[in-house]
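Novice: need a 3D model of the following:
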Amino acid sequence: MTEARLAAGIWVSAYLARLGLANIPAYVTARGDDTAGAIAVKCARLDGQADLWMREWDMDSDTRPWVCSQSGPERDIDAAITRQRSRDPDLWVLEIESRDGRTLLDQDGLF
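Specialist: Below is the predicted model of the structure:
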């Protein structure tokens with residue numbers, strides 16, 4: 001059985017609120033489709049490095065966990081996001097500023 005999907009716009013709003021409560025600055029840098037847009041989370045570490053988080057299918061558990069799909073120089077992460085947005089204009093892009101790489105994506109409640 002596949003997991004229920006929450007509308008992307010609602011998830012983004014809730015995630016931004018949760019980050020705000022944790023004092024983690026976050027911004028929407030590209031707005032996607034409110035209902036079914038995929039979401040990319042860039043975590044800028046403020047030292048020129050960044051991580052790109054995406055949800056990916058886990059075939060073994062039939063779930064879509066958050067996975068750090070790429071880490072490296074921030075310019076490389078920005079280029080990867082630009083390429084993805086050119087293929088998927090419905091993609092949401094959120095940017096977090098966190099020196100320690102904290103995204104809260106590993107906590108319960110963020111599906």
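Novice: now the most centrally placed residue in the chain. Nearest residue, chain neighbours left out?
Specialist: For the chain, the residue nearest the mean C-alpha position is residue 41 (2.3 Å; CA atoms, centre = their mean). Nearest residue to residue 41, sequence neighbours excluded (CB to CB, 6 or more residues apart in numbering): residue 53, at 4.1 Å. For glycine as for every other residue, the C-beta is placed from the backbone atoms N, C-alpha and C.
Novice: in a strand, that neighbour, correct?
Specialist: Yes: counting by DSSP: H, G, I helix; E, B strand; the rest coil, one finds residue 53 located in a strand.
Novice: and it, how far from residue 59?
Specialist: 19 Å (CB to CB, to the nearest Å).
Novice: same for the helix or strand residue 42 falls within, what does it pack against?
Specialist: If you go by DSSP states H and E, residue 42 is part of strand 39-44. Identification of packing neighbours for strand 39-44 by 3 or more CB pairs under 8 Å, 6 or more residues apart in numbering; DSSP states H and E yields helix 8-21, strand 49-55, helix 74-87, strand 92-97.
Novice: that'll do, ta.
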